[in-house]
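Engineer: Pasted the sequence and its predicted model underneath.
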Amino acid sequence: MLSNSQYSASDYQHTLKDSVTIIGRGLHSGLRVIMTLMPAEANSGYVFMRRDVTPLRAEVPARWNTVVDTRLSTTVANAFGTRVSTIEHLLAALSTCGVHNARIVLDAPEVPIMDGSAAPFVGLIDMVGRESQAALIQAIIIDKPLIVVGQGKHASLLPAAEFSVDMSIDFDDSVIGQQTMDIKVDEAIFSEQLAAARTFGFQEQLDTLHKLDLAKGGGLNNAVLIKDNKVLNEEGLRFKDEFVRHKILDALGDISLVGASIIGKFIGRRSGHQLNNQLIRTLMNNEECWHCVPLVEHRRQNQQMQWFASDS
Ligand SMILES: [Zn+2]
């Protein structure tokens, strides 16, 4: 056990230094959403608060076991059925940028979609800054491999010394085709290489959803849209492989719902919200496959292993 004086600021949980408000549109409703990110107590994680709902029913914790819907986006709900959807891009930004606890106040049942990426949320976090809290960051160390399988797809978590994501996608459409990315994820890499990757879809799919009164806010200003093997957005792509980068972003948001840093390798093969959630549910229900320690203890052990390796 280490004494407190041996810890550095990066070993402790952080919250936002101040509140910050952003206005955007909901992907599902197409309506205006006002969202305020606020500081929150240590060990409280991410908790949504719906201002448009009676206070007793307003609080919706974002946890692996509050996920109720993974079609189109990840949706969480409380016992009263109060829902918040499209949480994944915001949670990817908060968790990867080292904001462990935040209260998220909304006047609608969905997080604003903004430009379809996590970059606007990273901008907000940078703007207000973070504040250290009096509780250590907890880490879930993967000890044994876990895998969940869907039709033609799978997702797994493997033991590894640090967190990384290996994602691949495979679409018939030639604009997307096969894309693979294997990347160690930290705050700088997320901000530079993943945060700006936008969600994507096919124009025909969007037309069908619009007919069903779904994705009413979806369009060229918040998604990459593809039709007849062409990108319809005038500005083109932000990265040549923007699609797989966005899938990594989605996975980061989805797996942040375990409420701790994961030390292990996430592998996704055509994995989406449903399989990502199935994987973390399997993880949390199989305690023999992992253990939880303060992140600082894992870092020290890792350093010692490297010293031993360099000595031998
Ligand atoms: Zn997404």
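Structural biologist: Received, thanks.
Engineer: What ranges does the stretch 101-250 of the chain have for its helices?
Structural biologist: Assigned by DSSP state H, counting those that start in this stretch, the helices in the stretch 101-250 of the chain fall at 119-128, 187-189, 203-211, 242-255.
Engineer: and among those helices, the most buried is which?
Structural biologist: Ranked by mean neighbour count, the helices of the stretch 101-250 of the chain are led by helix 242-255 with a mean of 25 (mean count of other C-beta atoms under 10 Å). C-beta coordinates here come from the backbone N, C-alpha and C atoms, glycine included.
Engineer: who in the stretch 201-312 of the chain is up against the ion?
Structural biologist: residue 250 (C-beta under 5 Å from the ion).
Engineer: show me where the stretch 101-250 of the chain has strands.
Structural biologist: Under the criterion DSSP state E, counting those that start in this stretch, strands of the stretch 101-250 of the chain are mapped to 102-106, 130-136, 138-142, 146-150, 153-158, 164-170, 178-184, 200-202, 224-227, 230-231.
Engineer: got a list of contacts for the one helix or strand residue 60 maps to?
Structural biologist: Element membership of residue 60 [criterion: DSSP states H and E] is strand 59-61. Contacts to strand 59-61, defined as C-beta atoms under 8 Å, 6 or more residues apart in numbering, come from residues 45-50, 66, 76-78, 82-84.
Engineer: Swap in 7 Å and give it another go.
Structural biologist: Residues from elsewhere that reach strand 59-61 (C-beta atoms under 7 Å, 6 or more residues apart in numbering): 45, 47, 48, 49, 50, 66, 76, 77, 78, 82, 84.
Engineer: I'd like the strands of the stretch 101-250 of the chain laid out as JSON lines, including distance to residue 253, mean pLDDT and mean neighbour count.
Structural biologist: Converted to JSON lines, the strands of the stretch 101-250 of the chain look like this (distance: least, C-beta to C-beta, whole Å; pLDDT from 0 to 100; neighbours: other C-beta atoms under 10 Å):
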{"stretch": "strand 102-106", "distance to residue 253": "13", "mean pLDDT": "98", "mean neighbour count": "21"}
{"stretch": "strand 130-136", "distance to residue 253": "18", "mean pLDDT": "97", "mean neighbour count": "16"}
{"stretch": "strand 138-142", "distance to residue 253": "16", "mean pLDDT": "97", "mean neighbour count": "21"}
{"stretch": "strand 146-150", "distance to residue 253": "17", "mean pLDDT": "96", "mean neighbour count": "15"}
{"stretch": "strand 153-158", "distance to residue 253": "14", "mean pLDDT": "97", "mean neighbour count": "20"}
{"stretch": "strand 164-170", "distance to residue 253": "12", "mean pLDDT": "97", "mean neighbour count": "19"}
{"stretch": "strand 178-184", "distance to residue 253": "15", "mean pLDDT": "97", "mean neighbour count": "14"}
{"stretch": "strand 200-202", "distance to residue 253": "16", "mean pLDDT": "93", "mean neighbour count": "18"}
{"stretch": "strand 224-227", "distance to residue 253": "18", "mean pLDDT": "96", "mean neighbour count": "20"}
{"stretch": "strand 230-231", "distance to residue 253": "24", "mean pLDDT": "95", "mean neighbour count": "14"}
